[in-house]
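A.B. asks: Got a sequence here, can you model it:
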Amino acid sequence: MFPPTRQEELFKLDAVSAAFDLLDWIEEDKRVASEPDPVKKDAARATVLNEIANGIAKEPLPPHFASTAVSDAIAKFGNELETALTSVIASSSVGVTPKTLVGVVIESIYKKYPQFLSHTGIVIAGYAEDDYFPGFVQYNCYGILLGKFIADRDKARSVTVDNGSHIQPFAMNDMVHTFMSGISPDIFSVVLQGFDEALKALAQHVQKELGVATIPNLDTHSQDCLKKFQDRLIDAQVAEHYKPLTRAVASLPVDEMASLAETLIMLESLKEKVTRPSESVGGPVDVAVITKAEGLVWIKRKHYFPAELNGRFLERQRQRLG
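C.D. replies: Numbering: from 1, shown residues only. The predicted structure follows:
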């Protein structure tokens, strides 16, 4: 499915895309954006690129790759990418050389691939051979980079005797977090930002009323108060919402757990439908239960074709699965 020629095409496309990202970062740097003189602007661009290159050079190469992966890629694709980027650099009047840019781009892709490569998540859930309680492991998969499959372990959780349940949303998860914590993540951030702004406004009023030029250690005191407020808010969320919910889930029968999981997904789907144009969560929901005794059992499962019109397919499946 992914022959070497296709992998090479994708690598070059990723490299060009990463080059545009680096050029944007250079242009957004204050030293470049605020410089009116064209000559000095080009010098500032070269300075910023050299700083990026030095920073990338100090980064360790991830263990996914061989020690010669970067140099091999530069040797194989450097000239072709230099040719492709020459016109881009010339049209945007960026004061950097294609050769330098290509080297930084390729090294960045290998060392900072989460920033430049698209990824998808894979969750493996269920029971290991000797497990009495279920668990899951989540991986972020970045595809194949010139023959090397890249997957990083992200989260892992298991039910234990002391921790009788765990609810873990993946991908779009705002409504699940809202249900579990009693406040949506975006509103939580707004509350903290508003409290911080209120603290600063209060300090300004106090400073004005006292007629003093400065308040000693104002930033330190403000951050301490904000940290205490955040901790108090999180403690209330855990005590009033998260702990009661997880205690209840730990004692739910299997069918009600499945119903709860579906409901949480449908809540996210409804929120996406009425508040966001993307509607990235929607449609029928597949629901499955994994138990130690029965293994995986489908509660709800959609097909892309009407089952009643495809009896022969279903019969073949039954024969194949025994």
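
A.B. asks: Please make it C-alpha for all contacts and neighbour counts, starting now.
C.D. replies: Will do.

A.B. asks: Now do the SS call for A156.
C.D. replies: Local secondary structure at A156 is given as strand here, using DSSP: H, G, I helix; E, B strand; the rest coil.

A.B. asks: Hmm, it is touching F136, no?
C.D. replies: Yes. Counting by CA atoms under 8 Å, A156 touches F136, with 5.6 Å between them.

A.B. asks: how about the strands in this protein?
C.D. replies: Using DSSP state E, the strands of the chain run over 120-126, 135-145, 148-158, 287-291, 295-300.

A.B. asks: hey, which of these is tucked in deepest?
C.D. replies: strand 135-145 (a mean of 17; mean count of other CA atoms under 10 Å).

A.B. asks: Where does the prediction get shaky in the chain?
C.D. replies: When residues are selected by pLDDT under 70, those of the chain lie in 88, 90-95, 276-280, 282.

A.B. asks: According to the record, where do the domains of it fall?
C.D. replies: The record, using automatic domain parsing to delimit domains, assigns the chain the ranges 4-116, 120-158, 174-280.

A.B. asks: Pull the number of nearby residues for K243.
C.D. replies: Here the number of neighbours of K243 (other CA atoms under 10 Å) works out to 14.

A.B. asks: any idea how far I234 is from it?
C.D. replies: Counting by CA to CA, to the nearest Å, the gap from K243 to I234 is 12 Å.

A.B. asks: repeat for K148
C.D. replies: 41 Å.

A.B. asks: Let me know whether G147 touches T5 as I believe.
C.D. replies: No. If you go by CA under 8 Å, G147 and T5 don't touch, sitting 10.6 Å apart.

A.B. asks: what are the ranges of the helices in the protein?
C.D. replies: Residue ranges of the helices in the chain, as given by DSSP state H, are 4-28, 30-33, 38-58, 69-92, 98-111, 113-116, 174-181, 185-210, 218-237, 243-250, 254-275, 311-321.

A.B. asks: which one of the ones you listed lies closest to D131?
C.D. replies: Ranking the helices of the chain by their distance to D131 (criterion: CA to CA) puts helix 243-250 first, at 17.2 Å.

A.B. asks: And the contacts of the closest one?
C.D. replies: Residues outside helix 243-250 that contact it (CA atoms under 8 Å, 6 or more residues apart in numbering) are G164, S165, H166, I167, M180, M257.

A.B. asks: Buried among those? Need that as a selection in ChimeraX.
C.D. replies: Command for ChimeraX that selects the buried part of those, burial taken from 16 or more other CA atoms under 10 Å:
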select :165,166,180
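
A.B. asks: For the contacts of helix 243-250, which two are the farthest from each other?
C.D. replies: Farthest pair in the contacts of helix 243-250, by CA to CA: G164 and M180, 15.7 Å.

A.B. asks: Could you work out the end-to-end span of stretch 206-225 for me?
C.D. replies: Stretch 206-225 has an end-to-end distance of 16 Å (criterion: CA to CA).

A.B. asks: again, but for stretch 214-222
C.D. replies: 14 Å.

A.B. asks: buried residues in that stretch?
C.D. replies: The neighbour-count check on stretch 214-222 (16+ other CA under 10 Å) flags S222 as buried.

A.B. asks: now F179: how far from R232?
C.D. replies: Applying CA to CA, the value for F179 to R232 is 19 Å.

A.B. asks: for Q193, same thing?
C.D. replies: 15 Å.

A.B. asks: do V159 as well
C.D. replies: With distances taken as CA to CA, V159 is found 27 Å from R232.

A.B. asks: Those two: which has the busier surroundings?
C.D. replies: Applying other CA under 10 Å to V159 and R232 shows that V159 carries more neighbours, namely 16 against 11.

A.B. asks: Hmm, H166 and the more buried one touching each other?
C.D. replies: Yes. Taking CA under 8 Å as the definition, V159 is a contact partner of H166 at 6.7 Å.

A.B. asks: Determine the number of other residues adjacent to A75.
C.D. replies: Applying other CA under 10 Å, we find 12 residues neighbouring A75.

A.B. asks: I'd like the distance between it and P62.
C.D. replies: According to CA to CA, A75 and P62 sit 20 Å apart.

A.B. asks: that older thread, out of G147 and T5, name the residue with the larger neighbour count.
C.D. replies: Shown here are G147 and T5; by other CA under 10 Å, G147 has more neighbours (13 against 10).
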